[in-house]
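> Here is a sequence together with a model predicted from it:
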Amino acid sequence: MNLVFALAAAILFGIGAYLVLQRDLVRLVLGVAVISQSAVLTLLAASLRLGAAPIYPLPEGTLSDPLSQAMALTAIVIGMAVTALLLVLVFRVAVAFRSDELEEVAGEEVSLDARLEETEGEAHEREEAAAR
Amino acid sequence: MTALSIALLIPWAAGVALLAVDGRRAWVPWISVGALAATLITLGAVAAQVLASGPVTMTTGNWPVGVGITLRADALGVTFALLSVAMLTAAVVHEAFDGVAEREFPALVLLLAAGLEGAFLTGDIFNFYVFFELALAASYVLALHGPGPRVLGAGLVFTAVNVVGTFVFLLSVAGVYRVTATLDMARIGERMAVADPNAAILIAVGFFVAFSVKLGLFPFHFWLPTVYTAARPAVAAILSGSVANIGAYGLLRFGAGLLPRELELAAGALIVLGGASILYGGVLAISRRSAGEMLAYSAIGQVGYVLVAIGIGGPVGFAAAIAYAIVNAANKTMLFLTTSQRGVVVGGLFALGALSIAGIPPAAGFVGKLEVFRAVVGDPVVAGVLLLGSLLSLVYAFEVYQVEHWRPAADATAVRVSWRAWVVPVALGGVILALGVWPEPLLALSDAAARVLPGANP
Amino acid sequence: MASAASAIAAVLFVALLAAWAAGGGSVSLPWAPTLGIRLELSLDGFAILYALLATGIGFLVFVYGSGYLPAHLGHQRRPASDARRFWPWMVVFMAAMVGLAMALDLVLLFVLFDITAVASYFLIGFDRQRAEARGAAFMALLVTAGSAVAMLLGAVLLYSEYGTFSLPVLFERAHPTPVTTAAAALIAVAALAKSAQVPLHFWLPRAMEAPTPVSAYLHSAAMVAAGVLVLGRIHPLLALDPAVLDALLLIGFASIAVGGLIALAQDELKQVLAHSTISQYGYVVVLYGIGGAHGAVAAALYVVAHAIAKSALFMTAGAVTEATGESRLSRLGGLARELPVVAVASGIAAASLAALPLTLGFFKDELFFEAAAEESPLVGALAVVAAGLTFAYLGRFWLGAFMGRRRTPASRISPLLVAPIVVLAVVSIIGGLFVEPFARLAAGAGAVTVGAPVDASPGYHLDLGLANVMAAAAWTLGIVILLATSVREPVARAVAAAGDRLGPRRVYGLGLLAFERLSEAAHRAEVRDLRTSLAAVLVPGAVLAALGFFATPTEGAYAVGPISAADLPIVALLALGVVAAFTAARDRGRLRPVLALSVLGASLAGVYAVMGAPDVALVAVVIETVVTLVFVTVFSQLPATVMGRAGPAAPSPHRIRNVAAGIVAGVTAFGVIWTALSRPPLGSSDAAQDIQLTPLAHGADVVTVILADFRGLDTMVEITVLAVAVLGVASLLRREREP
Amino acid sequence: MSPVIGVVAPRILAPAVMLAAGLIVKGYSDTGEGFSAGVIVALAIGLRYITLGRRRADRTLAVARHANVVAAAGLLIALGFGFQGVLSGAPPFTHLPPPGSPVIGIGTLELTTAVGFDVGLFLLVAGSLTVLIRYLTELLPDPADDPGDER
């Protein structure tokens, strides 16, 4: 089963990474959600043993590892919280830039740089010339 | 023991209580300040105890180790906790004087403080992860505090990159649990030492990536300049002076503390990456026009010194990394708080900060540089890179200083500000100067903190 | 403020004299015990010489400055309050110099050395409204403080080798090794840069942008002297390797030649003096390169005589410029009639520097010639040429300003600008008549440098001794150079021009420019968009993982693990989840990927249920519902433009790159996860203990007990994260409402 | 809007709260605890908000308007129960009664501080998710204003 779990978690991680790298911001959030699922699956796959649910009265046979379940639960909640925050952030960015595609957000950066360059650049150049 | 719990509880409870309050009211930020000050005092008491008689340890609910969560205040953790909370306090006092612009700010900084403190004072890796997430979640929201839509784009970059980083971290936590069957750091340290080297090194890479993202090391740094320049000065100060400490601490705790064998194996790669960071940050900072941008790239360069020192390791290397991290946090906090101001006092502070960045006495930066030199002295190539790095820092820091504070044009448009705007930076400047003039506390503390790590006691 | 500064200087000077008479003293206090750094200060013969110079000349310059500075600020229409940026730095500088003279700990030495650089930075940049002054200050800081880092590195090298920063201890322990040589050379580099020696000399002429009192103090007696001070202080370390001494000799002569020749071509008064300083400190460096008792004493006396004369000349330049408003030799002349006192006093100072008899300067050259001739005939010959050069450019300076045709009229100047020059001239004459106290001072300093008592007995010997012959030869040579205008001028200009075009200053400029261009290019190339930032986390992470993978043995690191029939539902559900994830990735719509995501969530919840984790399954289902709800709500409100574009059209241009990055990330994750899962756990499991202790915690469901009790702290943090995230959402959406 | 949902949505809250209470009470002995309970109640509230629109839902469910206070209070309660041991010098999350001592029970509900912690957790989750839902539904067009809209 090691291989099966590792494969499944890794494929999810890879798909998440692919989505995260898309130009479309919405898919970025989808990607983060998928990566989060991958992490939770990994936590559970890291269980030291699988078996029945560890609830008293204890059933016969092996019990599932409760500690990794507890970790997975915590990770699920944190993943949800962060995904929701990221999603709303994307929404705000999309509204603010009237686009949910990255190029324009990056474009804004570049144009700001250009403005700074324009206002400060010349003085800076002169300063450096003097320093030489 | 109780002091440790209380130090954790104060900012947490106060932060939660402020959640439902509008932080823009004048009295609210002062509650944060009060809570943070109380936290600092309690932490100070813990630190005194730790330095005098060794680590303070307890497990939640008094359950046996492994069942309960181990909380463990040792010299390393306490040092970073004190540093981060102190810098955070400085930023909040500054903001409180200035008038808080965002309603969540006072609550968020307290929760951030709780998250940082917890991360530094826990002895359990999963508990570290959740506190790490708390600190990060608070900083995601804080990073959105700033003017214009630009801050949203920057915040998105910051959040997305760091979220991916923490999932990588979580994968490594799962791996550690699988391999060692425990979450307690002390036991992990013992068991990782005999673990399969392949599993251990791949797990170590996961941790390294996560913390490098947080530190802003080249090439994991691309999110950093945008975020530091778009955010409010106080927020940039918090991100670079407090939150980034998790990166340095994490590399020390997880690398030198839990995975010393892997750290040794990766030493070459760390030194190369650190050197690359120093040069990259330094070179890019040279052509930057404004203090904020310069500081952002400078931050990338400065953490390179920390990484190089960790890569060299041993008692000297770790102590150097800690000393450098402390000095760098103080520098960055002070300088970011002054970025949008002009005037005689602020000019003087900027000059002091520039001296400190460049490692010139009497500013404290020279102590950090002395320590790092001590670590790298056996390797002429690395020493050469560091020499070049300090020349670059001299160039970029003073170019911006002259452009912003000496040029008459800059003076003419000067926004003369009231004492409220510079009282905190002046206090930080006093600390930087004091540590430069009397470096013993800094050296002794970083020495004590480094001795906690197994690699420092050969 | 000016009078306070002068008073401090005077009191210090007198105190130092008293201390000298009392035989000095020393203190050694712990400073940073962790590193064994001590505040180790000793007022020995060496310290007393430099400290007396720093305070004595400091006092005179401060008096001069109290007259000069108000006029200077007045010319530039600046408020008198700007003086607040002047005097404190002058005093700091003086204090640092006195400390530097006494410091015996390498770290302390470095700290004080750099404080002098910092003070000089602010003083050179005092006229900060002028770009030239800013550039000059920047250059001085970069060269002197930048090279001082080499000193720190040298100190640390010595510490790593001998375990101490204390100089006296080092002198005992040090022996010739490559490390010692490297450390000594590094410290020497810092010292030479500070003393403006070739090839790091170019900052000094630029530094003439500073107000004249600064030049008179820093660039004659103090700042520049700090470099040779360090050479003299650490001389026993330098002397361990003859190669280091030879290098000093070479650099010294090069500086004498470059400084002297270029000084001959300069028109600006202060430029002549600046280049002269380069040349004069070249002498001192040569003397330290010669070493031994003679070299050390000669160097000490040279520093004294030079400082006295050179600061008088700088003050002369300032006084002349103040009187005439002109600073170029080509526009000056014949001032002897209008400024007779200045002319005489500065003539004495120039004579002293040119080593004419009856001045203190004569003895400095006497000792210099003796030491040089003793070293080797070649060094002796070079010494004569050097002295001839000095004679020539000083003659040109003084004659050009005070003799010949009057070109610019002079107005009256404050006596405060004249008196200090006169005092210095008188001192030079006294030294010329009664050299004994100065010789004693120099002998004391030399004794410290070589670490053994030395005797110095300069005096007038009316014979054809070697020194006298060499001196006469030098004067003759100087007069020849002075008279041979037609040869001198083109040669000097050519050297100056060559220096400008090919010299280190140009290298400095081009270096800065190159870094600037590199920086801009790198910044343009740097990515600031989100996607590449993310790729820059994933890809280097994968590279590091690959490095780790290949650096460690992989044999037996990976195990497939058993699959039983009971596992088949898990496999099936995982497969379903993976297919759903693929659908989410491939579909370019809005709603369908979200539905696919919830299918993924549901199938994983199923996996958890089958794995014996009902609590996780339950939470996964409810959370999945919330996430789907949030996604649908937000998507339904995204701007219409986005919805319109979200068809199957317009595939991303970076599709292949993204797929590749996804595969790389997936493969890396696979490696990390599989290798971890393949390990049998080491040691006893915490989880087993959890199960055992659950009844004690009054519970039955182990997972719930862990969450609320054993690891309740995790849960507490987790819900705080949730609260913070919701706070963030609220903050973002509230801003949406109130733009 | 489907008439079924229109009928069900406003009435589903009470059963949801019952279910939640059950989850908390049973929590220590069976699957589920305060967290799931909080999410379920929040989902019920969410359904009401989506069907009725924000303004009407606010009117019928006054407590939802103060969801942020509920959340903060829940967090404080949880923190209080978690750290109460600190008062007596014990580490955090030292629950009462101590291990091995008898527990007072009301039916299946056992009165331990851990249950108090769970209640705080429930309030926080329900409260903060309600805050989330209220802000999100504000983005949606109000069905009362625009009954014809079918998304």
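Okay, I see it.
> so what's B:Val168 up against?
B:206, B:209-210, C:537, C:541 (C-beta atoms under 8 Å, 6 or more residues apart in numbering or on different chains). (Glycine included, C-beta is placed from N, CA and C.)
> Check B:Ala450 too.
Counting by C-beta under 8 Å, 6+ apart, B:Ala450 touches B:76, B:315, B:318-319, B:321-322, B:456.
> coming back round to it: how about the contacts of B:Val168, which pair is most distant?
By the measure C-beta to C-beta, B:Gly206 and C:Val537 form the most distant pair in the contacts of B:Val168, at 11.6 Å.
> Which members of the contacts of B:Ala450 additionally contact chain D?
By C-beta under 8 Å from any C-beta of the partner chain, no member of the contacts of B:Ala450 lies near chain D.
> Can you lay out the residues you listed as a markdown table showing distance to chain C, secondary structure and pLDDT?
What follows is those, written out as a markdown table (distance: C-beta to the nearest C-beta, whole Å; DSSP: H, G, I helix; E, B strand; the rest coil; pLDDT from 0 to 100):
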| residue | distance to chain C | secondary structure | pLDDT |
| --- | --- | --- | --- |
| B:Leu76 | 16 | helix | 96 |
| B:Pro315 | 11 | helix | 91 |
| B:Phe318 | 14 | helix | 95 |
| B:Ala319 | 9 | helix | 95 |
| B:Ala321 | 16 | helix | 95 |
| B:Ile322 | 12 | helix | 96 |
| B:Ala456 | 14 | helix | 74 |
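> From those, pick the one nearest chain D.
Among the contacts of B:Ala450, B:Leu76 lies closest to chain D (C-beta to the nearest C-beta), at 20.7 Å.
> so the closest one touches B:Gly250, yeah?
No. Counting by C-beta atoms under 8 Å, B:Leu76 does not reach B:Gly250; the two are 11.3 Å apart.
> before we move on, back to that, closest one of the contacts of B:Ala450 to B:Arg374?
B:Ala319 (8.5 Å).
> Would you check which pair of the contacts of B:Ala450 lies furthest apart?
Going by C-beta to C-beta, the pair spanning the contacts of B:Ala450 furthest: B:Leu76 and B:Pro315, at 12.7 Å.
> more crowded one of the two?
Ranked by neighbour count (other C-beta atoms under 10 Å in any protein chain shown), B:Leu76 and B:Pro315 place B:Leu76 first, with 26 against 16.
> so who does the more buried one touch?
Contacts of B:Leu76 (C-beta under 8 Å, 6+ apart): B:249, B:252-253, B:257, B:322, B:449-450, B:452-453.
> if you set the cut-off to 10 Å instead, what comes out?
B:50, B:55, B:120, B:249, B:252-253, B:256-257, B:318, B:322, B:446, B:448-453, B:456 (C-beta atoms under 10 Å, 6 or more residues apart in numbering or on different chains).
> Same check on C:Gly347?
C:316, C:336, C:356, C:394, C:398-399, C:402-403, C:425.
> Which members of those occur in helices, if any?
Using DSSP state H, the subset of those located in helices is C:316, C:394, C:398-399, C:402, C:425.
> What is the nearest of these to chain B?
C:Thr316 (29.8 Å).
> just checking, that closest one touches C:Ser327?
No. With contact defined as C-beta atoms under 10 Å, C:Thr316 does not reach C:Ser327; the gap is 11.7 Å.
> Spit out the residues that contact these two alike.
Residues touching both C:Thr316 and C:Ser327 by C-beta under 10 Å, 6+ apart: C:212, C:269.
> Could you check which of the two is surrounded by more residues?
With neighbours defined as other C-beta under 10 Å, C:Thr316 and C:Ser327 compare such that C:Thr316 has more, 32 against 19.
> tell me which element residue 16 is part of?
Going with chain A. Using DSSP states H and E, the element containing A:Gly16 is helix A:2-20.
> To clarify, I was referring to chain D.
helix D:13-26.
> Low-confidence ranges, chain A, go.
A:98-132 (pLDDT under 70).
> Helices of that one, start to end?
Using DSSP H, helices in chain A cover A:2-20, A:25-45, A:66-97, A:102-131.
> Can you tell me the SS state at B:Arg25?
coil (DSSP: H, G, I helix; E, B strand; the rest coil).
> what about it, neighbour count?
B:Arg25 - counted by other C-beta under 10 Å - has 12 other residues nearby.
> quick one: contacts for it?
Applying C-beta under 10 Å, 6+ apart to B:Arg25 gives the contacts B:100, B:103, B:106.
> So whichever residue of the stretch 1-150 of chain C sits closest to chain D versus B:Ala321, what's the distance?
For the stretch 1-150 of chain C and chain D, the shortest gap (C-beta to the nearest C-beta) falls at C:Thr34, measuring 33.9 Å. Distance, C:Thr34 to B:Ala321, by C-beta to C-beta, to the nearest Å: 16 Å.
> quick one, which of these two is more surrounded?
Between C:Thr34 and B:Ala321, counted using other C-beta under 10 Å, the more crowded position is B:Ala321 (33 against 18).
> Before I go, just wanted to say thanks for your time.
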